[in-house]
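Visitor: kindly return the folded structure for what I paste below:
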Amino acid sequence: MEFLKGISPREYQIKIFETCKGQNCLVVLPTGLGKTLIALLLVIDRINKFPGQKVLFLAPTRPLCEQHLSYFKKHLPDLFVDIDIFTGQVQASTRRKIWQTADIIFSTPQCISNDIKNSLYDLSEVCLLVEDEAHRCLKNYAYNYVAKQYKEQAINPRILGLTASPGHEQSKILDICKNLSIEHVEVRQRTSEDVKTYLQELQFEKVTVDFPQEFEDLRRPLKQMYESYVDELKRRNVLFGPVNKVTLLNLQNKLFASAKYNTHYNNLLAISACSQAIRLQHALELLETQTLTSFLSYLENLRSQARKGQSRGVERLVNKPEFTFLFLRTKHLLEKGYEHPKIKELLEIVKREKENNANLKVIVFTQFRESAQIISTELNALDNIKSKVFIGQAKRATGKVSTGLSQQEQKAIIGDFAEGKINILCATSIGEEGLDIPEVNAVIFYEPVPSAIRKIQRAGRTARLMEGKLIILITKNTRDEAYYYASRSREKKMYSALTLVKQGLEGNGQQSVNTNVNTNVKLNVKNETQKKLF
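Guide: The predicted structure is shown next:
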């Protein structure tokens, strides 16, 4: 195609692009199926139609912006347009100058949002707004503000939203469509007829391990302590119905908010009980799904907080005989060489895969940083395995937890992985979204995730240009099982919800989005009212 250098779009990419030319579109494609190329085709089309106007390409992080910039420079002729990037690290006066001269601008939504609020420039001459990772276009995120201002200011508006997975709730997909004024939804799966011919086989393997009796002996008193705090919350009439980590976190937020106006003794004690219940729920998750080492580290951290007098509630928790038993027993088990059975199973999987493929590249995904560090250390003890931890920037210097990686360090690790200096990445959620990590032979979930969005993004790292494997480790009789089935169910619901939204848009246009959103809101209000009454 004209002005496209060094790459040829696939048939489904051309079809989607043709649709996007005429209307605002939300494009839902699994990771690795070429959403950025569709955006590039549309950028070329809009610049040709509206010479002298600009394209604004938003991505949630600077590394993603830089990645898209590099891709565009690689596949556009050198003198076709002026391409530039800026984020909050670039001074405001410099950003104003860049805005005046650049044809395609890559930036984070926060930066553009702040600049518009400060009247640094306006969006009147932007002929295309691209919002990558469009599932973030909910609530008051900066994406929404920029989209709203763009719709009000642009002379020749066109919006393109890109995501691998917008979530499983129809109401939230409708919200995304409403926020971006989406007129059409383009959806493809790995199994779609016009997609599957371009992809390699993805083998799936579910690996289950038993929850050891020694771990069950720890879980029992841990659950007893947890349930005692939950019972206290119910006795204080602040907690009702089924209880899980999310309900406790929501309750904690509610109690803290009410504490500003209600300093009643019952409320203060409820805050303490809720905080301890959340801590014990986290401890249960570490014991069931992570490593015994990380579980002990968390217990040690609670003991440290108690010694420093940081919280009376933690002091009371740590002084319980059940807690003392847990701490001493866990130390004893680790001294005897016990560890979570998923660690051993993971090492066996990696050894087997390495024997079958000398050039093996694997990403191991795990929820927690400390687990990633422990797993990476164990893997590096294997022959011919070079593993590194790949985590985000946030600093956490407590205990043995890593303090995070700078963006430069993240880039260096990805570069080493691409060159084969590293053959296994142990990644947290930073490896799920957007970043241009080289294709791998296998993706291993150390634990299942309940989110359809995260499951799809993790799995999309393999089986693009070469055959790949998706391996999920599951501990029996733990939340691993519930999370595994939850993500499967939500992924099916996501595609069903997308189909309904797509049909609604095709039948009635943008008005149907607004109508459906209002209907969902009314239904939710009605349901909540019924819950309160009955």
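
Visitor: quick check: L255 is in a helix.
Guide: Yes: secondary structure assignment (DSSP: H, G, I helix; E, B strand; the rest coil) places L255 inside a helix.

Visitor: relative to A257, how far out is the closest residue to it other than its chain neighbours?
Guide: Spatially, and ignoring its direct neighbours in sequence, L255 is nearest to I271 (4.8 Å; C-beta to C-beta, 6 or more residues apart in numbering). Where C-beta positions appear, they are placed from N, C-alpha and C, glycine not excepted. According to C-beta to C-beta, to the nearest Å, I271 and A257 sit 11 Å apart.

Visitor: which one of the two has more residues nearby?
Guide: The neighbour count for I271 versus A257, taken as other C-beta atoms under 10 Å, is higher for I271 (18 against 10).

Visitor: so that one touches N253, yeah?
Guide: No: using C-beta atoms under 8 Å, I271 is not in contact with N253; the gap is 10.6 Å.

Visitor: state the pLDDT value of the residue nearest to L255.
Guide: Note on I271: pLDDT of 94.

Visitor: that one belongs to a helix?
Guide: Yes: under three-state DSSP, I271 sits within a helix.

Visitor: OK, contacts around it?
Guide: Taking C-beta atoms under 8 Å, 6 or more residues apart in numbering as the criterion, I271 is in contact with Q252, L255, F256, A259.

Visitor: got a ChimeraX select line for the buried ones in the residues you listed?
Guide: Of those, the buried ones go into a single ChimeraX selection, burial set by 16 or more other C-beta atoms under 10 Å:
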select :252,255
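
Visitor: got CSV for the contacts of I271, with pLDDT too?
Guide: Shown next, in CSV, are those (pLDDT from 0 to 100):
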residue, pLDDT
Q252, 94
L255, 92
F256, 91
A259, 82
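
Visitor: nearest to N441, of the contacts of I271?
Guide: Using C-beta to C-beta, Q252 is the member of those that sits closest to N441, with 42.1 Å.

Visitor: what sits against the closest one?
Guide: Contacts here follow C-beta under 8 Å, 6+ apart; on that basis Q252 touches I271, C274, S275, I278.

Visitor: name the member of the residues you listed with the most neighbours.
Guide: The most crowded member of the contacts of Q252 is C274, carrying 26 neighbours; neighbours defined as other C-beta under 10 Å.

Visitor: thinking again about what came up before, and the contacts of Q252, which of them are in strands?
Guide: Secondary structure assignment (DSSP state E) places none of these within strands.

Visitor: export these as CSV, with columns for distance to R369.
Guide: Output for the contacts of Q252, formatted as CSV (distance: C-beta to C-beta, whole Å):
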residue, distance to R369
I271, 27
C274, 25
S275, 22
I278, 19
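
Visitor: ok, those vs V185, which is closest?
Guide: Using C-beta to C-beta, I278 is the member of those that sits closest to V185, with 37.6 Å.

Visitor: who's in contact with the closest residue in space to the closest one that isn't next to it in sequence?
Guide: For I278, ignoring the flanking residues on the chain, the nearest one in space by C-beta to C-beta, 6+ apart is L248 at 5.0 Å. The neighbours of L248, taking C-beta under 8 Å, 6+ apart as the test, are C274, A277, I278, Q281.

Visitor: in what helix or strand does L248 lie?
Guide: In the assignment (DSSP states H and E), L248 maps to helix 245-259.

Visitor: from the chain's centre, how far out does that helix sit?
Guide: How far helix 245-259 lies from its chain's middle: 23 Å, per C-alpha atoms, centre = their mean, to the nearest Å.

Visitor: helix/strand/coil for the residue nearest the centre of the chain?
Guide: Within the chain, one residue has its C-alpha closest to the average C-alpha position: by C-alpha atoms, centre = their mean, that is R454, at 5.1 Å. R454 falls in the helix class when you classify it by three-state DSSP.

Visitor: that one reaches T428, doesn't it?
Guide: No: the pair R454 and T428 does not pass the contact test of C-beta under 8 Å, sitting 10.8 Å apart.

Visitor: the stretch 51-200 of the chain: strands as residue ranges?
Guide: Listed in chain order, the strands of the stretch 51-200 of the chain (DSSP state E, counting those that start in this stretch) span residues 54-58, 83-86, 104-107, 126-131, 159-163, 184-187.
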